[in-house]
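J.: Give me coordinates for this.
(one chain, ligands or ions: 2)
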Amino acid sequence: MPSTSKRDYYEILGVTHEATSEQIKSAYRKAALKFHPDRNPENKADAEHKFREASEAYSVLSDPQKRAAYDRYGHAGVSGQVFDASNFGTIFEEFQDIFGDVFGFQDIFGGGGGRSRTQRGGRARAQRGADLRYDLKLSFEDAAAGVKTKIKIPRMENCEPCHGTGAKPGTKMEACATCRGRGQVHYQQGFFAVSRTCPACHGAGQVIQESCQECRGQGRVERTRTIEVAIPAGVDNQMRLRVAGEGEPGANDGPSGDLYVFIEVKEHSFFERRGADLYCNVPISVSQAALGAEIQIPTLDGNEKLAIPEGTQPGTLFRKKGKGLPDPHGGKGDLYVNVRVAIPSKLTKEQKTLFEQLHRVVKVENQPVERSSSFFDKVKDIFS
Ligand SMILES: [Zn+2]
Ligand SMILES: [Zn+2]
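T.: Ligands and ions are numbered 1, 2, ... in the order given. Sure thing, here's the model as predicted:
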């Protein structure tokens, strides 16, 4: 039943967004007891609606993945994956752990494991295929420049010879004897009637006479597919790409799931990345720092000149605008060059003599400097 305006799942169960899974379970149990149609004979329709609403909310909030998607995107984040609460039998089957001891349905549902395919009007319900995840490791350069790459994914696909039915081609399916082809079996519990997916045919209403040899009656076979994916320039760790429709096929003509490519970028030997900006350390000599110099610095597109002004202090950060990484959402980052003044650790005789001469003419007051004139004065923004 399509609901016109969807209420917030947390609100339905009366829990906070920080509620633990135990609290959510307990809230649902309470709601289910309260709104159970059996307990509200005078107001059955309204109770039923609330009961279903709570069941749907619980199906999402009790699943950590769905809950995370719901927290981020609301109802849109879980559309298509929301548990179908239109059938009471399914509700009880799905949440057996909760209802088993509450309503005394254990004897009916006990031992009935396995996922169900709900029947509606005699036809098995279409289900969306599962999403797949692929972890892709990229070199720093490929991530920076973007790359087209082929990935191999093993996935379940509908068996071709039998078109996913599991029946040997040319043979006929026959009506299930247990449910007489209806796909559902009915139980009566007090004045509450329960329908349940037929355990013999799993809701299909039909059973296979002779199994397809290719898939041994499963209707599905594992295939490894090669898929080309275009990785945009500037991708970073934790990013993921969605390749629509490349997940597993849906059941009963349902749509295929999606493929998610999770990106992992290897570290660069000297570039460090912060968002789209790049950082690197480049040593300069004492005399280059004092006298000024023009040096060559590495960028992602080859070497570039960087002018070191006279009197450059250790730790000065120079910025090369637009020489960082491309941002996949547009624009480009900057490159920051941190100059380190290299002090010779072992002096030759000649160097020693020269430094001694220098010492006589360059004097520094060995007193702590004021805070304001220390760290921040070193940042030099060079726009180039
Ligand atoms: Zn059946
Ligand atoms: Zn087959």
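J.: Distance check, the closest residue to Cys179 other than its chain neighbours against Glu174.
T.: Spatial nearest neighbour of Cys179, excluding adjacent residues (Cβ to Cβ, 6 or more residues apart in numbering): Cys198 at 3.8 Å. For glycine as for every other residue, the C-beta is placed from the backbone atoms N, C-alpha and C. From Cys198 across to Glu174, the span is 14 Å (Cβ to Cβ, to the nearest Å).
J.: check whether stretch 203-220 contacts ligand 1.
T.: No - on the criterion Cβ under 5 Å from the ion, stretch 203-220 is out of touch with ligand 1, staying 5.9 Å away.
J.: Briefly note if that stretch comes near ligand 2.
T.: Yes - among the residues of stretch 203-220, Cys212, Glu214, Cys215 lie within reach of ligand 2 under Cβ under 5 Å from the ion.
J.: buried subset of the residues you listed?
T.: Neighbour counting with 16 or more other Cβ atoms under 10 Å marks Cys212, Glu214, Cys215 as buried within the residues of stretch 203-220 next to ligand 2.
J.: The last one: what secondary structure?
T.: Recorded secondary structure, Cys215: coil (DSSP: H, G, I helix; E, B strand; the rest coil).
J.: can you count the residues close to Ser55?
T.: Close neighbours of Ser55, defined as other Cβ atoms under 10 Å, add up to 25.
J.: next one: Lys66
T.: Per other Cβ under 10 Å, the neighbour tally for Lys66 reads 18.
J.: For it, which non-adjacent residue is closest in space?
T.: Nearest one to Lys66, counting by Cβ to Cβ, 6+ apart, is Val60 at 4.6 Å.
J.: Look at that neighbour and say how many residues are nearby.
T.: The burial count for Val60: 20, using other Cβ under 10 Å.
J.: any idea how far the one helix or strand it maps to is from the chain center?
T.: Using DSSP states H and E, Val60 sits within helix 44-61. Taking Cα atoms, centre = their mean, to the nearest Å, one finds helix 44-61 lying 28 Å from the centre of the chain it belongs to.
J.: After that helix, heading C-terminal, what element do we hit next?
T.: Following helix 44-61 in sequence, per DSSP H and E, is helix 64-73.
J.: before we move on, the earlier item: angle of the helix holding Val60 against helix 64-73?
T.: Between helix 44-61 and helix 64-73, the angle comes out at 100 degrees (axes from the mean of the first three to the mean of the last three Cα atoms, to 10 degrees).
J.: just how off-centre is the helix or strand containing Lys352 within its chain?
T.: Assigned by DSSP H and E, Lys352 falls within helix 349-361. Centroid separation between helix 349-361 and its chain, computed with Cα atoms, centre = their mean, is 61 Å.
J.: what does stretch 301-309 give?
T.: Put simply, stretch 301-309 sits 40 Å off its chain's centre (Cα atoms, centre = their mean).
J.: Number the chain from 445, please
T.: Let's use 445 as the start, then, which means that last one is stretch 745-753.
J.: Now do it, average pLDDT.
T.: Mean pLDDT, stretch 745-753: 94.
J.: same deal with stretch 488-502?
T.: Mean per-residue pLDDT for stretch 488-502: 85.
J.: do stretch 772-792 as well
T.: Regarding stretch 772-792, the rounded mean pLDDT is 92.
J.: and that stretch, which residues are buried?
T.: Within stretch 772-792, the residues that count as buried by 16+ other Cβ under 10 Å are Pro772, Lys776, Gly777, Asp778, Leu779, Tyr780, Val781, Asn782, Val783, Val785.
J.: roughly how far apart are the last one and ligand 2?
T.: The reference is to Val785. 72 Å (Cβ to the ion, to the nearest Å).
J.: what kind of secondary structure is that residue in?
T.: What three-state DSSP gives for Val785 is strand.
J.: Chain neighbours aside, what residue packs nearest to it?
T.: Excluding its sequence neighbours, the residue lying closest to Val785 (Cβ to Cβ, 6+ apart) is Pro758, at 4.2 Å.
J.: That neighbour: which element?
T.: Here Pro758 sits in a region with no helix or strand, counting by DSSP H and E.
J.: Centre of the chain to stretch 800-812, how far?
T.: In terms of Cα atoms, centre = their mean, the centre of stretch 800-812 is found 59 Å from the chain centre.
J.: tell me the strands in the stretch 495-644 of the chain, going along the chain?
T.: For the stretch 495-644 of the chain, applying DSSP state E, counting those that start in this stretch gives strands covering 563-564, 567-568, 576-582, 591-602, 617-619, 628-633, 636-641.
J.: Turn these into JSON lines, including mean neighbour count.
T.: Output for those, formatted as JSON lines (neighbours: other Cβ atoms under 10 Å):
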{"stretch": "strand 563-564", "mean neighbour count": "20"}
{"stretch": "strand 567-568", "mean neighbour count": "18"}
{"stretch": "strand 576-582", "mean neighbour count": "15"}
{"stretch": "strand 591-602", "mean neighbour count": "15"}
{"stretch": "strand 617-619", "mean neighbour count": "14"}
{"stretch": "strand 628-633", "mean neighbour count": "14"}
{"stretch": "strand 636-641", "mean neighbour count": "19"}
